[in-house]
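> 3D, please:
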Amino acid sequence: MKTLYLIRGVPGSGKSTLARRITENVYEADQFYINEQGEYSYNASKIKEAHAWCQTQVEARMKEGYAEIAVANTFVRLWEMRWYARKAVQYGYALQVIECKGQFKNIHGVPDQKVEEMLKNWECYHGIHQLLEDWLRPVDAVKIKHTALMRPTRGKVNAVSQPSQITS
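Numbering: from 1, shown residues only. Sure, this is the predicted structure:
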């Protein structure tokens, strides 16, 4: 079954490492900031462009039918995952949201104050219905919520996993 993994967590939580353990098809907005020499050069004024680039890459892989795709971004707010959830439905992918809670080295130098701000603004994920209920008919939202609550979880190291899949 084709699966889209959305791996969320604050900087230094292990998102990228976990994503690479799951699949070689990993996409992150941070990849946009890597120059031709392989150096990371963050530019806050291009954050929307970076996320648009990530979405374009993911949708292209979905159109090609890749079996597994992982997106490792902070996804602090739930709305940040909605575009991906909708594309998963559109292209027939199961969706698995994984939350990383590790405390590793923050390789991009995000200030501790910014990480604390992200934690303060963190929105908890309880199931795919949170990402799609405003997009689907009420009867579909009920089916999705039921499916999300009934499926077993799949554990990951340093992660809390809550898989969800759309049913017809």
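> quick one: distance of the lengthiest helix in the chain to the chain centre.
Secondary structure of the chain read by DSSP state H shows that its longest helix is helix 47-63. In this view, helix 47-63 has its centroid 12 Å away from the chain centroid, taken as Cα atoms, centre = their mean, to the nearest Å.
> and the contacts of it?
4, 25, 27-33, 69, 71, 73, 83-84, 87-88, 90-91, 93 (Cβ atoms under 8 Å, 6 or more residues apart in numbering). To be clear about C-beta, it is placed using only N, CA and C from the backbone, and glycine gets the same treatment.
> what lies in contact with stretch 12-19?
5, 7-9, 26, 28, 70-74, 98, 100-107, 110, 115, 156-159.
> let's see it at 7 Å
5, 7-9, 26, 28, 70, 72, 98, 100-106, 156, 158-159 (Cβ atoms under 7 Å, 6 or more residues apart in numbering).
> return the subset of those residues lying in strands.
The strands, defined by DSSP state E, take in Tyr5, Ile7, Arg8, Val26, Ala70, Ala72, Ile98, Cys100, Ala159 from the contacts of stretch 12-19.
> do I have it right that the third one meets Thr74?
This means Arg8. Yes. Between Arg8 and Thr74 there is a contact under Cβ atoms under 7 Å: 6.4 Å.
> which residues in the chain form helices?
Under DSSP H, the chain gives helices at 15-22, 47-63, 79-91, 112-120, 129-132, 138-150.
> return the most buried member of those helices.
Per residue and on average, the most neighbours among these fall to helix 129-132, with a mean of 22 (mean count of other Cβ atoms under 10 Å).
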